[in-house]
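Asks: sequence and computational prediction follow.
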Protein chains: 2
Amino acid sequence: MLYLIGLGLGDVKDITVKGLEIVKKVDRVYLESYTSVLSAGKDELEEFYGRHIIVADRDLVEQGSDQILLDAVDKDVAFLVVGDPFGATTHADIVLRAQSANIKVEIVHNASIINAIACCGLQLYSFGEAVSIPYWTDTWKPDSFYEKIAANRKRGLHTLCLLDIQVKEPTPESLTKKIKEYQPPRFMTVGEAADQLLQIINRRGAGEMHQAYTKDTLCLGVARVGSATQKIVACPLQVMRNIDLGSPLHSLVIPGMMQILEFAYIKQFICK
Amino acid sequence: MLYLIGLGLGDVKDITVKGLEIVKKVDRVYLESYTSVLSAGKDELEEFYGRHIIVADRDLVEQGSDQILLDAVDKDVAFLVVGDPFGATTHADIVLRAQSANIKVEIVHNASIINAIACCGLQLYSFGEAVSIPYWTDTWKPDSFYEKIAANRKRGLHTLCLLDIQVKEPTPESLTKKIKEYQPPRFMTVGEAADQLLQIINRRGAGEMHQAYTKDTLCLGVARVGSATQKIVACPLQVMRNIDLGSPLHSLVIPGMMQILEFAYIKQFICK
C-alpha cells in the first residue's frame, strides 16, 4: 500500500490528523524534497513523528522511484509531499505506476499554495491560469508566461506566479563528467522574479496590444504562506524588485480587476 | 483572538494537528455550515473534539457575526470552515471586521476543492478561472459562466465548475411573512449541472465562434473528494446527465487540452 500524504505549507503541525496516524503506523516513510520546501527540516519532522525519514530527492523520485514502489508491494509506505500530493506532475505519475503494479494508493490532501494564496485577500475564483517563472541563465531566458499573464489580465483575472526552486541541480561541468556535482539549492525571491518580469517588458517594448503589466502595476509578494513568519507586501512591480521578504518560499501575484472587498483587504499590505 | 480553521474535505480526521490543538484549547467553537458541507455531522465533530460546537448558519454569519467577533474580543474563539478558511468571500470579510475591532486573527489552512480537484488527474497549473453554477428557477436562468468556460477552453485550460449549495434558503412565501420558513437543503448533482449546461447550448444554438462545449465533450464528475467514498467518472456531457454519484458534494470539470499524462490518468475513470 502506498500513501501519498500532503504536509501543508507551514510547520510540522500542518499535517492532518489522518496523515499523522498513517505516518506513525506505516513500515517506511519517504519525504519528497525537491518540488517544494517546508520551513521545518527533516530532523524536526522525525522528532515530531517519532519515525526515521528517507529523503527522496529528484534522482530517487524521477529515476529510482521504482524503489519506493517495490517497497509498497508488500509493505505500507508513506510518501510525504509538501503542500498537496498532487501539487507536482511527478506525483500523478507515481500513482499511475503504482496502479499498474497493482499497488493500492490512498491520498491525504492538504493545503497548497494554489488555494492558500487567498490569504492575500484576492478571491480564488478570480484567479486565472497559474504560471511558473524559471531562473534565467545567460543563454536561456524564456518568457512564454508573459502571454499567460496578459491573457489573464485581459479577462480581469489574477495570476499566481510560482517561483523557481532549484534543488540538486547538476553543475554545468558535471554533465560531462561521470561523478555528479550539484549546485547549492536556490529559491527565487519576489525581488528576482520582479526583476525578470521588468526585463521582459524592457525587451518587448511598450507597443503591445495587451500589455500584461507595467513597472507601476500593483503586485503582491508573499513569503512562507501558512507559517508563523508569513509575510505579504503589496507594491508596484518596480518597487518589488528591491523588497526583501526573507527566507523561502516566495510567490508573486499580479492582480487583475479587484473588487472592493479585495482592495479593502489588500490595503493592509501596501508598502510605500 | 479569532482562529479561522480549515477542516479539509473528507472526515473529522482531515483537520490539521495544529487546528485540532487550537479547537481543544479555545473558549468557544463555531462551525460555519452554509458554504460547504463535511461528510461528518456536528455530533461526530463534537465527539472527536470533545467540545460543544455552535453551528453558525447564514443568518448568524452574514448578519450576526458581530456575536462571534464580540466573543473574540476577550475570549479565544475558533471558527471552523469546511475546506480552506478563504474558500468563501464571507470569511475575508470576517477577518477585516475582526482587524478593525483590534481582534488578532490566525488562519489555519487546509485542502479545498480548488486544489484537491487535481485528484482527477488534471494538472492544477492548467486550470483557468473556476465558475459557479447556480440552481435555476422558472424565471431566473443565468448562464454567464458559459463565456468563462469558452474563454478557458479557447486557451486550452480546464474549468472547475462549483455546483450550487442551498442551505437555509428562505421559501418564496416566507419573504413576505414575519416568520422565516426555510426550504430543505439541496446540493446540485453532476447530473443536474450537466442538464443545465446542455440546456444552454440548445438555447444558444451551435453557431457561436468559440463554443464552450458540445453534448459530446468529455467531462469529469467528482463526488466527496478526499473522503473514503470519493467517486470520479469521466464521460461525455450528455451521458453525465444520467450519472448518479450519490450524496454531496459534487463538482464538474470540463477539461481543455489534455497532456498525455493527464489522459493516461483519466482513462481509469471513463465510463461507457
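Replies: Received the coordinates, thanks.

Asks: ranges for the strands of chain A?
Replies: Counting by DSSP state E, chain A has strands at residues A:2-6, A:28-32, A:54-56, A:77-81, A:105-108, A:131-133, A:159-163, A:165-166, A:186-187, A:218-223, A:231-236, A:250-254.

Asks: could I get the buried residue list for the third one?
Replies: Read that as strand A:54-56. Neighbour-count burial for strand A:54-56, counted by 16 or more other C-beta atoms under 10 Å in any protein chain shown, picks out A:A56. Quick note: C-beta positions are derived from backbone N, CA and C, even for glycine.

Asks: how big is the angle separating the longest helix anywhere in chain A from strand A:218-223?
Replies: Secondary structure of chain A per DSSP state H: the longest helix is helix A:190-204. Angle of helix A:190-204 versus strand A:218-223, following axes from the mean of the first three to the mean of the last three C-alpha atoms, to 10 degrees, is 140 degrees.

Asks: looking at helix A:190-204 now, give me its mean pLDDT.
Replies: Computed over helix A:190-204, the mean pLDDT rounds to 95.

Asks: run the chain-centre distance for it.
Replies: 20 Å (C-alpha atoms, centre = their mean, to the nearest Å).

Asks: what residues sit buried inside that helix?
Replies: A:190-198, A:200-201.

Asks: domains in chain A, by residue range?
Replies: A:2-111, A:114-269 (automatic domain parsing).

Asks: which stretch in the ones you listed has the least confidence?
Replies: domain A:2-111 (a mean of 88).

Asks: hmm, that domain in reach of chain B?
Replies: Yes - Domain A:2-111 reaches chain B (C-beta under 8 Å from any C-beta of the partner chain) through A:6, A:8-18, A:20-21, A:84, A:86-87, A:89, A:92-93, A:95-96, A:99, A:107-111.

Asks: can you select the buried ones from those residues in ChimeraX?
Replies: To isolate the buried members of the residues of domain A:2-111 next to chain B in ChimeraX, using 16+ other C-beta under 10 Å:
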select /A:6,8,9,10,11,12,13,14,15,16,17,18,20,84,86,87,92,93,95,96,107,108,109,110,111
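
Asks: quick revisit: dump the buried residues of helix A:190-204 to a markdown table, plus distance to A:Q268.
Replies: Formatted as a markdown table, these follow (distance: C-beta to C-beta, whole Å):
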| residue | distance to A:Q268 |
| --- | --- |
| A:V190 | 18 |
| A:G191 | 21 |
| A:E192 | 25 |
| A:A193 | 22 |
| A:A194 | 21 |
| A:D195 | 26 |
| A:Q196 | 27 |
| A:L197 | 24 |
| A:L198 | 25 |
| A:I200 | 29 |
| A:I201 | 28 |
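
Asks: out of those, which comes closest to A:L218?
Replies: Taking C-beta to C-beta as the measure, A:L218 lies nearest A:A194 of those, at 12.1 Å.

Asks: you'd agree that closest one is up against A:D244?
Replies: No - contact criterion C-beta atoms under 8 Å: A:A194 and A:D244 do not qualify, at 11.8 Å.

Asks: contact partners of the longest helix of chain A?
Replies: Identification of contacts with helix A:190-204 by C-beta atoms under 8 Å, 6 or more residues apart in numbering or on different chains yields A:133, A:135-136, A:141, A:143, A:146, A:161, A:163, A:211-215, A:219, A:221-223, A:233, A:237-238, A:240-245, A:250-252.

Asks: in ChimeraX, how would I select the buried members of those?
Replies: Buried subset of these, written as a ChimeraX selection, criterion 16+ other C-beta under 10 Å:
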select /A:133,135,143,146,161,163,211,212,213,219,221,222,223,233,237,238,240,241,243,245,250,251,252
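
Asks: quick one on the thing from earlier: point out the most buried one among the domains of chain A.
Replies: domain A:2-111 (a mean of 20; mean count of other C-beta atoms under 10 Å in any protein chain shown).

Asks: can you put the domains of chain A in a markdown table and add distance to B:K154?
Replies: Converted to a markdown table, the domains of chain A look like this (distance: least, C-beta to C-beta, whole Å):
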| stretch | distance to B:K154 |
| --- | --- |
| domain A:2-111 | 23 |
| domain A:114-269 | 9 |
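
Asks: could you measure from A:Y30 over to B:D93?
Replies: 41 Å (C-beta to C-beta, to the nearest Å).

Asks: repeat for A:H250
Replies: 27 Å.

Asks: ends of stretch A:171-182, what's the gap?
Replies: Stretch A:171-182 has an end-to-end distance of 5 Å (C-alpha to C-alpha, to the nearest Å).

Asks: any chance you could list what contacts it?
Replies: Applying C-beta under 8 Å, 6+ apart, the contact partners of stretch A:171-182 are A:168-170, A:183.

Asks: again, only this time at 10 Å
Replies: Residues from elsewhere that reach stretch A:171-182 (C-beta atoms under 10 Å, 6 or more residues apart in numbering or on different chains): A:57-59, A:137, A:166-170, A:183-184.

Asks: which residues do A:A194 and A:D244 both contact?
Replies: A:G221.

Asks: related to what we said a few turns ago, quick check: angle from the longest helix of chain A to strand A:250-254?
Replies: Using the same axes, to 10 degrees: helix A:190-204 against strand A:250-254 is 40 degrees.

Asks: and the helices in the stretch 51-200 of chain A?
Replies: With DSSP state H, counting those that start in this stretch, the ranges of helices along the stretch 51-200 of chain A come out as A:58, A:65-74, A:89-100, A:113-116, A:145-154, A:190-204.

Asks: tell me the angle the longest helix of chain A makes with strand A:159-163.
Replies: Angle, helix A:190-204 to strand A:159-163, by the same axes, to 10 degrees: 110 degrees.

Asks: so which of the contacts of helix A:190-204 reach chain B?
Replies: The subset of those within reach of chain B, by C-beta under 10 Å from any C-beta of the partner chain, is empty.

Asks: for A:K13, see how far away the residue nearest to A:I266 when sequence neighbours are not counted is.
Replies: In space, and not counting its chain neighbours, A:I266 is closest to A:G121: 4.8 Å by C-beta to C-beta, 6 or more residues apart in numbering or on different chains. A:G121 is 25 Å from A:K13, where distance means C-beta to C-beta.

Asks: what's the answer for A:V29, then?
Replies: Distance from A:V29 to A:K13, by C-beta to C-beta: 17 Å.

Asks: check the gap between A:L252 and chain B for me.
Replies: Per C-beta to the nearest C-beta, to the nearest Å, A:L252 is found 15 Å from chain B.

Asks: which strand residues bridge that residue?
Replies: Under DSSP bridges, the beta-bridge partners of A:L252 are A:C161, A:G221.

Asks: shouldn't it be in contact with A:F145?
Replies: No - contact criterion C-beta atoms under 10 Å: A:L252 and A:F145 do not qualify, at 11.1 Å.

Asks: which neighbours do the two share?
Replies: Common neighbours of A:L252 and A:F145 are listed as A:131, A:133, A:159, A:161-162, A:197 (criterion: C-beta under 10 Å, 6+ apart).

Asks: between the residues you listed, which is nearest B:A228?
Replies: Closest approach to B:A228 among the shared contacts of A:L252 and A:F145 (C-beta to C-beta): A:L162, at 31.1 Å.

Asks: which one is that closest one nearest to, not counting chain neighbours?
Replies: A:S132 (4.8 Å).

Asks: check contacts around the one you found.
Replies: A:145, A:148, A:160-165, A:188, B:125.

Asks: would TSV of the residues you listed with distance to B:S227 be doable?
Replies: Shown next, in TSV, are the contacts of A:S132 (distance: C-beta to C-beta, whole Å):
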residue	distance to B:S227
A:F145	35
A:K148	33
A:L160	27
A:C161	32
A:L162	28
A:L163	33
A:D164	35
A:I165	31
A:M188	36
B:Y125	25
